[in-house]
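*Asks:* Everything below, folded, please.
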Amino acid sequence: MNEKKSQLYEVAPLKLVQEIGNSIPEIWENLDMIHDMRGVNGIADWPDEYYMCSMTFADNHLLCNQFNLNMFQIMHFGMALPALAEWRKNKIVYVFDRTMETELTETKDVEISRDMMLRLPYRCFFIKTTTLKVRESTLDGFIVNFSWDTRRQQEVVGLTPCFGDVALETEYLLAENGIIKMTGIEDIDPIPEKENLKDQFLPSIYQHAVNRRKVLQLILYIISENSDVIPENEKTRSYIYQKKETAFAVKDRHREIKRWDVGTRKGPALKKAIEAYKYKSDKSTAGSHSGKRPHMRRAHWHRYWTGSASSGDRKVIIKWLHPMMIGKLNADEDPAVLCQVG
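*Replies:* Residues are numbered from 1 along each chain as shown. This is a model prediction of the structure:
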């Protein structure tokens, strides 16, 4: 099995939906029925283009009770059933080059507008990660899906972390004054400045908050103007929730996965450039204490406006600027050298 196929077989949501479907065969049809019966018999109502409304902790427990899930099932996937049910219908997966993922997740946060999120090509997809952790466990990635908040009557974006045979409860992002906000994140913000809290007080909550912010950087890159995103198969296509009579049959098989590779062209070149810089920097500055040491400027986001407000096509464009070498390594080199990553 080649490396690309082995990565696909390790996609956590596929394993989960297979296990759920085998143990509770009727569950997916019943979730589809809830969508079709929204607004009837006490079920909340929401626009047809959303598979499910956003679920509170209490809503998820009611859903688990409806399907008679045991405690093991509730802990392993019960809090993420709507996200898993929607993802299984299109099985879109974004796989990031490891170097690109590392540099992107270390990029400083930037404000995300609702309009920017609406440029995403799919309404539900899975971002596979290799560098994010919760305690000692490595996250396999996040399911990202658009949903509807019936209380606020507005669109929200759900993030569902997955690792191994576990899908954690979905967290929702909502827009306030056009800017995406993470609910409850305000209570987490001070923790990085208090090392004792970060290490001892609610460490998993802190890590989840950090990981949510990091996966937002990966989402931003997908919609950035200079993204490096390549479909594994040209037949990869967009998906909008379809009713039973028009929907394709879902078998939950590996061949249904539609994969997009991210950073496969720029990532290796970026890794090579960074390693070459570190080697030359260490060699050229060994034993020397004179002058300012050359350094690598960290990656950052660049935002700018395009279009005309009068014509109605004015919008913010975002680009990711990769690490840049600042300063001379020796007398023959330019004072600022850009990593050539394509």
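*Asks:* could you pull out the helices for the protein?
*Replies:* Using DSSP state H, the helices found in the chain span residues 3-9, 12-23, 27-36, 57-66, 71-76, 81-90, 98-105, 114-117, 195-200, 203-223, 266-285.
*Asks:* Tell me which of these sits nearest to C124.
*Replies:* Smallest distance to C124 across these (CB to CB): 4.7 Å, for helix 81-90. C-beta: built from backbone N, CA, C; applies to glycine.
*Asks:* For the helices of the chain, could you give me TSV that also reports mean pLDDT?
*Replies:* Shown next, in TSV, are those (pLDDT from 0 to 100):
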stretch	mean pLDDT
helix 3-9	46
helix 12-23	93
helix 27-36	93
helix 57-66	87
helix 71-76	90
helix 81-90	95
helix 98-105	94
helix 114-117	86
helix 195-200	50
helix 203-223	85
helix 266-285	73
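*Asks:* Take these and write them to JSON lines, including mean neighbour count.
*Replies:* As requested, these are exported to JSON lines (neighbours: other CB atoms under 10 Å):
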{"stretch": "helix 3-9", "mean neighbour count": "12"}
{"stretch": "helix 12-23", "mean neighbour count": "18"}
{"stretch": "helix 27-36", "mean neighbour count": "15"}
{"stretch": "helix 57-66", "mean neighbour count": "13"}
{"stretch": "helix 71-76", "mean neighbour count": "14"}
{"stretch": "helix 81-90", "mean neighbour count": "24"}
{"stretch": "helix 98-105", "mean neighbour count": "22"}
{"stretch": "helix 114-117", "mean neighbour count": "18"}
{"stretch": "helix 195-200", "mean neighbour count": "11"}
{"stretch": "helix 203-223", "mean neighbour count": "19"}
{"stretch": "helix 266-285", "mean neighbour count": "16"}
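*Asks:* quick one, which of the ones you listed is nearest to N177?
*Replies:* helix 114-117 (9.6 Å).
*Asks:* what's the closest one packed up against?
*Replies:* Packing contacts for helix 114-117, counted by 3 or more CB pairs under 8 Å, 6 or more residues apart in numbering; DSSP states H and E, involve strand 179-182, helix 203-223, strand 315-321.
*Asks:* so can I have CSV of these showing distance to F126?
*Replies:* As requested, the helices and strands packed on helix 114-117 are exported to CSV (distance: least, CB to CB, whole Å):
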stretch, distance to F126
strand 179-182, 19
helix 203-223, 11
strand 315-321, 21
